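Novice: starting from these lines, generate the structure:
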Amino acid sequence: MPAPDLILDHQDLSGSVETRRYFRKWERITQHLAKVAAEEEAAGRMTMAEVEALARSLVSLTLSFRALALKYHFAGVAREAGTLTFDRVESGFPVAAELMEMAADATQAQQHLQGMPTAEKLKDEMVRVILSERVTPTRLQYALSQRLYYEELVKGGLFWARNDPEAVWLGNTGGGRAERRQYLLRWGVYDVTDNLPVIYLMTVEDTGHEGLPKDGTRWPLVQRHLMAQAVGGLTLLTIAKGFDDDFADLHPKRLRRIRIGPMYSSAFTTQTGPIREVLAAARAPEGEDWALAWAEEDLLSERTEEVPSGWFGTLERQIFALAEPKDRGISSLERSLILPTRPYQALAELDPPAFRSIRKVVVGEGGRLLSLR
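Specialist: Numbering: from 1, shown residues only. Below is the predicted model:
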């Protein structure tokens, strides 16, 4: 049961007009996220493999929003439709319980589809009702939206409350007896406290006898370990050192955490501080009244050292580069704010000190992006 103050932060979108406006806003926002990821490669902050892995997670997030939009398309019109609950204070995103319920729906989606008329039959029946009875076929429209919702779930590829690690082979490093396999691991969670999607990318070197994803012993252990550590309160240093200590033949060389959000919008969220003044001053039209935070934490191994293991053995351990203050447990932190032109113009005019060190990614005409400091 959520704490009372968390419940007060949550809001139900009970009307169909308001719900559709909410998802139209997210449709506009999510279509830019993959472009923002591509900018990371162009600026030299990420490799192509990292950008491709990040982009897959962002596409999955877009598909999750599309599925939720179908599920609640007739909220307030059909009594059975229910209401979407979102976090209006901390994140602007749907609450984590929505993704958990969607995951539960996915386990029975095929069964639901087998018991429903096809989309074509539902459309034909709607036409018949409109022509013969001259009424809006609300229940049929709702049935069609649910049919399409379950079809999206069956297709898969969505961003869930937990997204188990996947491995991409990057190649081999070194040579001869010193040769090592290199992998990029990608996993993610939907933070249940902040209601925000969080994506992790780790570059590891593998000195095991068998490649990590094909190793039926190590790979399940690695997946379970990383998911257990995917908690927002842990620093990257804690996660990386724990991994380094627990797996003697896996060497974490780089760990990134990308946190998407919060999303701010005068129409839907209750924001405080400078961002509230910025959005109020922008007076942006519907669809452009938003700003999305994007934070990247990065941890790099700067060298290795040999430590004793047993009577005669040694183990390789990573020494990570830490930026000040060191208790943050990261090598660097890059904060960005993605926003359309009108809110950016208001931000530039007000020039609040809190935003001066943050990179601004401005969504211009035609979806073009301009990265500014």
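Novice: please compute how far stretch 111-122 lies from its chain's middle.
Specialist: From the chain centre to the centre of stretch 111-122 is a distance of 31 Å (Cα atoms, centre = their mean, to the nearest Å).
Novice: pull out the buried residues from it.
Specialist: 112, 116, 122 (16 or more other Cβ atoms under 10 Å). Any C-beta I mention is one placed from the backbone N, CA and C, and that applies to glycine too.
Novice: likewise for stretch 277-293?
Specialist: 278-279, 282, 284, 288-293.
Novice: what's the closest of the residues you listed to D191?
Specialist: Using Cβ to Cβ, A293 comes nearest to D191 of the buried residues of stretch 277-293, at 13.4 Å.
Novice: wait, is that closest one part of a helix?
Specialist: No. Going by DSSP: H, G, I helix; E, B strand; the rest coil, the assignment for A293 is strand, not a helix.
Novice: not counting sequence-adjacent ones, nearest residue to it?
Specialist: P262 (5.5 Å; Cβ to Cβ, 6 or more residues apart in numbering).
Novice: specify the local secondary structure of the one you found.
Specialist: Criterion first, three-state DSSP; result for P262: strand.
Novice: so it makes contact with I29?
Specialist: No. Using Cβ atoms under 8 Å as the test, P262 is too far from I29 to be in contact (11.8 Å).
Novice: shared neighbours of these two, anything?
Specialist: L292 (Cβ atoms under 8 Å, 6 or more residues apart in numbering).
Novice: more neighbours: which of the two?
Specialist: The neighbour comparison of P262 against I29 (other Cβ atoms under 10 Å) goes to I29, with 24 against 21.
Novice: find the residue at the geometric middle of this structure.
Specialist: By Cα atoms, centre = their mean, the mean C-alpha position of the chain lies nearest to P197, the distance being 3.5 Å.
Novice: who's in contact with the residue lying closest to it once chain neighbours are set aside?
Specialist: Leaving out its chain neighbours, the residue that sits closest to P197 by Cβ to Cβ, 6+ apart is I260, at 4.8 Å. Counting by Cβ under 8 Å, 6+ apart, I260 touches 33, 58, 61, 196-199, 292-294.
Novice: same deal with G208?
Specialist: Taking Cβ under 8 Å, 6+ apart, one finds 215, 218, 249-250 in contact with G208.
Novice: now swap in D9 and tell me
Specialist: Contacts of D9 (Cβ under 8 Å, 6+ apart): 87-90.
Novice: mind running it again at 6 Å?
Specialist: 87, 89-90 (Cβ atoms under 6 Å, 6 or more residues apart in numbering).
Novice: ranking those residues by neighbours, who comes first?
Specialist: D87 (22 neighbours).
Novice: counting contacts, what elements does the longest helix along the chain pack onto?
Specialist: Looking across the chain with DSSP state H, the single longest helix is helix 48-71. For helix 48-71, the packing partners by 3 or more Cβ pairs under 6 Å, 6 or more residues apart in numbering; DSSP states H and E come out as helix 16-30, helix 33-42, helix 138-155, strand 180-191, strand 196-206.
Novice: mean confidence score for that helix?
Specialist: Taken as a whole, helix 48-71 carries a mean pLDDT of 96.
Novice: beyond it, next helix or strand please.
Specialist: strand 84-87 (DSSP states H and E).
Novice: low-confidence ranges in the chain?
Specialist: Residue ranges of the chain with pLDDT under 70: 1-8, 76-81, 175-177, 310, 312.
Novice: put the alpha carbons of stretch 288-301 into PDB.
Specialist: This file holds the C-alpha atoms of stretch 288-301, laid out as PDB (Å, rounded to 0.1, in the frame of the first residue of the first chain):
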ATOM      1  CA  GLU A 288       4.500  22.200 -27.000                       C
ATOM      2  CA  ASP A 289       3.900  22.800 -23.300                       C
ATOM      3  CA  TRP A 290       6.500  20.400 -21.900                       C
ATOM      4  CA  ALA A 291      10.000  19.900 -20.900                       C
ATOM      5  CA  LEU A 292      11.700  16.500 -20.200                       C
ATOM      6  CA  ALA A 293      14.800  16.000 -18.000                       C
ATOM      7  CA  TRP A 294      17.400  13.500 -19.000                       C
ATOM      8  CA  ALA A 295      20.400  12.500 -16.800                       C
ATOM      9  CA  GLU A 296      23.400  10.400 -17.600                       C
ATOM     10  CA  GLU A 297      25.700   9.000 -14.900                       C
ATOM     11  CA  ASP A 298      28.900   7.500 -16.100                       C
ATOM     12  CA  LEU A 299      31.600   5.400 -14.300                       C
ATOM     13  CA  LEU A 300      34.900   4.400 -15.900                       C
ATOM     14  CA  SER A 301      37.600   2.000 -14.900                       C
END
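Novice: okay, and which of the buried residues of stretch 277-293 map to helices?
Specialist: Per DSSP H, these map to helices at 278-279, 282.
Novice: which of those residues sits closest to A97?
Specialist: L279 (27.1 Å).
Novice: so which strand or helix has the residue nearest to that closest one when sequence neighbours are not counted?
Specialist: Distance criterion Cβ to Cβ, 6+ apart; nearest residue to L279, sequence neighbours excluded, is S266 at 4.6 Å. Take DSSP H and E as the rule and S266 turns out to sit in neither a helix nor a strand.
Novice: and S266, what are its phi and psi?
Specialist: When read as degrees, to the nearest 10, the backbone of S266 gives phi -60, psi -30.
Novice: one step back: for the longest helix of the chain, output the C-alpha coordinates as PDB.
Specialist: Extracted in PDB, the C-alpha atoms of helix 48-71 (Å, rounded to 0.1, in the frame of the first residue of the first chain):
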ATOM      1  CA  MET A  48      27.400   3.400 -31.800                       C
ATOM      2  CA  ALA A  49      26.800   0.100 -29.900                       C
ATOM      3  CA  GLU A  50      25.700   2.100 -26.800                       C
ATOM      4  CA  VAL A  51      23.400   4.300 -28.800                       C
ATOM      5  CA  GLU A  52      21.800   1.400 -30.500                       C
ATOM      6  CA  ALA A  53      21.200  -0.400 -27.100                       C
ATOM      7  CA  LEU A  54      19.800   2.800 -25.600                       C
ATOM      8  CA  ALA A  55      17.600   3.400 -28.700                       C
ATOM      9  CA  ARG A  56      16.100  -0.100 -28.300                       C
ATOM     10  CA  SER A  57      15.100   0.800 -24.700                       C
ATOM     11  CA  LEU A  58      13.600   4.100 -25.900                       C
ATOM     12  CA  VAL A  59      11.600   2.400 -28.600                       C
ATOM     13  CA  SER A  60      10.300  -0.100 -26.100                       C
ATOM     14  CA  LEU A  61       9.200   2.900 -23.900                       C
ATOM     15  CA  THR A  62       7.400   4.400 -26.800                       C
ATOM     16  CA  LEU A  63       5.600   1.100 -27.400                       C
ATOM     17  CA  SER A  64       4.500   0.900 -23.800                       C
ATOM     18  CA  PHE A  65       3.000   4.400 -24.100                       C
ATOM     19  CA  ARG A  66       1.200   3.300 -27.300                       C
ATOM     20  CA  ALA A  67      -0.200   0.200 -25.500                       C
ATOM     21  CA  LEU A  68      -1.400   2.300 -22.500                       C
ATOM     22  CA  ALA A  69      -3.000   4.800 -24.800                       C
ATOM     23  CA  LEU A  70      -5.100   2.000 -26.500                       C
ATOM     24  CA  LYS A  71      -6.000   0.600 -23.100                       C
END
